[in-house]
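Participant: Sequence and predicted structure are below.
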Amino acid sequence: MKYKSQKVAYWFFALSMLLLVLQITYGFIMGFARIGMDGLHEFIPFNTARAVHTNLLVVWLLSGFMGAAYYIIPEEAQRELVSVKLAYVQLISLAAVGVAAIVGYHFNWWEGRKFLEIPRQLDYLVVLNVLLFLALILLTLFKGKRKTTTALVLTMGLLFAALLYIPGMLPFDSQVTDSFFRWWVVHLWVEGVWELIMGGILAFLLIKLTGVDREVIEKWLYVIVGLTFLSGVLGTGHHYYYIGVNKIWLIVGGIFSALEPLAFLAMALFAVNMYRKGEKKHPNKIALFWTLGAAIVSFVGAGLLGFAHTLPQTNLYTHGTLVTAMHGHLAFWGAYAMIVLAIISYSLPNMTGRKFYDGVRGRVAFWTANIGMIGMTMAFGVAGVAQVYLERKFGMEFMAVQKEISIHFVVLIICASLFAVGILTYIYDFYKHGRPTDEALETVESTYL
Ligand code: HEM
Ligand code: HEM
Ligand SMILES: [Fe+2]
């Protein structure tokens, strides 16, 4: 038996997919600008496109996480959501704030703080929105019949993410202090509390898809949470030296951030082991693809490619180059985009009653998107390494270097096109599932609880 209020998740996922398409559009605008085709420059210059691209990414992922919570928490807590109406109010206000921010960016209403460009006035609306979301989730959890580790880790991740947003809202006169707290949001999100969100969703999916005992799966979850905090908190130091904070952080940040891949390695081993241990009976193989894929690709994108430039010996040269973009793309894709696509793939057939997972479309979407993204990562990587040598070893002028490496953006656009085909196929599949219904949720077989 599932819960009717889980349907709310569908609309958060739909918003998420819409924003993903927009994000990709702005990616192309930048890709083409990089090879001299910058026809939209007057209205959407590169810096605006970049802010819109990265902010849309954050908003579609957050919408995906919220959808995941609305789906997972009722099922884990074994009760309906406390208020479906308020959940829709929250959805609409999230969309409204997102749209206001994105439109504002096109009229230069933004602050020059990478990833946190939202003007502080709008931040207050973000806070209201998130408070409403957290209230609904926390109340459902506490009024529920059970409080599982999976639900608690997911909720803690969401709660901490909200709390960490606050230091990023404080106004400071000093650029250094401002950047110092900006990293509390940016770093401690993706290399800290978002890992809890990912771990929670991953655990839920593995319980459902592999049939391995909850106790076994949740023991792993503790290990992941432990490793994340052990390394990620002081790992923040790997950003500090470059913004003007004391040199000691080069050492502290270097050491602790070098340990961060362990949490991602644990997640990959966890997922693969649970799959091997499991009964392999669940029919939704495509959800399993995305789930295992997220665990493995995040280890490569965040763990390996993060490690590749985290030691001061490297990052003193690579800081702020396209090497960062290389890592940023595969890390965000593997860890957070893929886990959102995984929970959507799992929950969609349950909510709509349509079982498309045997079809070929799902597999095409999975492989095309992943191969495209790996190609994009390589194009960014080659461009980045070339940039580092030309600019920082040989002292060539910045813009001259950008011109020199523009050929790699042709490759980027080709791979990005493949990626976009994969994503559009995924979204077509999403659309074809149709709307969620009560009947579908009532009749879904609960193979594993
Ligand atoms: C899923 C997890 C991760 C995501 C989504 C992610 C994403 C990103 C992004 C977007 C940036 C650019 C940030 C900015 O300049 O504002 C960045 C920077 C960086 N990341 Fe990660 N990252 C992750 C995990 C890791 C891990 C585990 C490590 C180390 C082992 C790492 C090492 C670095 C370093 C050293 C930089 C700074 C690069 C520079 O100085 O320009 N990241 N990451
Ligand atoms: C069609 C697909 C895409 C294209 C063509 C594209 C292209 C780009 C370009 C050109 C940049 C700016 C790099 C620079 O500063 O020069 C960028 C930044 C970024 N993109 Fe994408 N992108 C695409 C999809 C994605 C996706 C799906 C994700 C996340 C999963 C993503 C995450 C990011 C991030 C995190 C940054 C900032 C990186 C940094 O701080 O260095 N992009 N993208
Ligand atoms: Fe970091």
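Facilitator: Yes, it's here. Ligands and ions are numbered 1, 2, ... in the order given.
Participant: residues in contact with the residue in the stretch 1-150 of the chain that ligand 2 sits nearest to?
Facilitator: With Cβ to the nearest ligand atom, the shortest gap between the stretch 1-150 of the chain and ligand 2 falls at Gly27, namely 2.6 Å. (Each C-beta comes from the backbone N, C-alpha and C, glycine too.) Going by Cβ atoms under 8 Å, 6 or more residues apart in numbering, Gly27 touches 53, 416.
Participant: Return the distance of stretch 361-378 from the chain's centre.
Facilitator: Counting by Cα atoms, centre = their mean, to the nearest Å, stretch 361-378 is centred 17 Å from the centre of its parent chain.
Participant: Give me the residue ranges of the stretch 301-449 of the chain where confidence is low.
Facilitator: For the stretch 301-449 of the chain, the stretches flagged by pLDDT under 70 are 445-449.
Participant: From His106, how far off is Glu42?
Facilitator: 11 Å (Cβ to Cβ, to the nearest Å).
Participant: before we move on, the earlier item: before we move on, which element is the residue of the stretch 1-150 of the chain closest to ligand 2 in?
Facilitator: According to DSSP states H and E, Gly27 maps onto helix 8-34.
Participant: Same check on Phe172?
Facilitator: Remark: Phe172 resides in no helix or strand, with elements defined by DSSP H and E.
Participant: near ligand 1, which residues of this protein show up?
Facilitator: Within the chain, the residues that sit near ligand 1 (Cβ under 6 Å from any ligand atom) are 114-115, 186, 190-191, 238-239, 242, 257, 260-261, 298, 302-303, 306-307, 309-310, 315, 319-320, 324, 327-328, 331-332, 335.
Participant: Where does the chain get nearest to ligand 3, residue-wise?
Facilitator: Of all residues in the chain, His187 sits closest to ligand 3, at 3.8 Å by Cβ to the ion.
Participant: how many other residues sit next to that residue?
Facilitator: His187 is flanked by 21 other residues according to other Cβ atoms under 10 Å.
Participant: Ok, Glu279 next?
Facilitator: Neighbourhood size, Glu279 [other Cβ under 10 Å]: 10.
Participant: before we move on, what about Gly381?
Facilitator: 20.
Participant: which SSE is it in?
Facilitator: Element membership for Gly381, per DSSP H and E: helix 361-387.
Participant: quick check: angle from the helix or strand following the helix holding Gly27 to helix 8-34?
Facilitator: Counting by DSSP H and E, the next helix or strand C-terminal to helix 8-34 is helix 46-77. Interaxial angle, helix 46-77 versus helix 8-34 (axes from the mean of the first three to the mean of the last three Cα atoms, to 10 degrees): 160 degrees.
Participant: Show me what helix 46-77 is packed up against.
Facilitator: The helices and strands touching helix 46-77, judged by 3 or more Cβ pairs under 8 Å, 6 or more residues apart in numbering; DSSP states H and E, are helix 8-34, helix 84-105, helix 120-143, helix 149-165, helix 194-210, helix 338-352.
Participant: let's see 10 Å
Facilitator: Where contact means 3 or more Cβ pairs under 10 Å, 6 or more residues apart in numbering; DSSP states H and E, helix 46-77 is packed against helix 8-34, helix 84-105, helix 120-143, helix 149-165, helix 194-210, helix 322-331, helix 338-352.
Participant: hmm, that helix in reach of ligand 2?
Facilitator: Yes - using Cβ under 6 Å from any ligand atom, helix 46-77 reaches ligand 2 at 50, 53-54, 57.
Participant: Looking at the chain, what residue ends up closest to ligand 1?
Facilitator: When scored by Cβ to the nearest ligand atom, the chain has Gly306 as its residue closest to ligand 1, at 2.4 Å.
Participant: Name the helix or strand for that residue, please.
Facilitator: Using DSSP H and E, Gly306 falls within helix 305-307.
Participant: Contacts for that helix, please.
Facilitator: By Cβ atoms under 10 Å, 6 or more residues apart in numbering, the surrounding residues in contact with helix 305-307 are 190-191, 235, 238, 257-261, 264, 298-300, 314, 323-324, 326-331, 334, 377, 381.
Participant: Buried ones only from those residues, please, as a PyMOL command.
Facilitator: Applied in PyMOL, the following selects the buried portion of those according to 16 or more other Cβ atoms under 10 Å:
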select buried, resi 190+191+235+238+257+258+259+260+261+264+298+299+300+323+324+326+327+328+329+330+331+334+377+381
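Participant: Please list which of the contacts of helix 305-307 also come close to ligand 2.
Facilitator: Filtering the contacts of helix 305-307 for proximity to ligand 2 by Cβ under 6 Å from any ligand atom leaves 324, 328-329.
Participant: What helix or strand is Leu188 located in?
Facilitator: Here Leu188, judged by DSSP H and E, is contained in helix 175-188.
Participant: What residues sit buried inside that helix?
Facilitator: 178-188.
Participant: any idea which of those is closest to ligand 2?
Facilitator: Set against ligand 2, the nearest of the buried residues of helix 175-188 by Cβ to the nearest ligand atom is Val186 (9.3 Å).
Participant: Now the closest one: closest residue in space that isn't a chain neighbour?
Facilitator: Phe115 (5.2 Å; Cβ to Cβ, 6 or more residues apart in numbering).
Participant: Show me the domain layout of the protein.
Facilitator: 1-147, 307-443 (automatic domain parsing).
Participant: Take the ones you listed and write them to CSV, including distance to Leu158.
Facilitator: CSV is the format used below for the domains of the chain (distance: least, Cβ to Cβ, whole Å):
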stretch, distance to Leu158
domain 1-147, 6
domain 307-443, 13
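Participant: Mind telling me the two of the buried residues of helix 175-188 farthest from one another?
Facilitator: Asp178 and Leu188 (15.7 Å; Cβ to Cβ).
Participant: wait, Glu218 sits on Leu202?
Facilitator: No - Glu218 sits out of contact with Leu202 when judged by Cβ atoms under 10 Å, with a separation of 11.4 Å.
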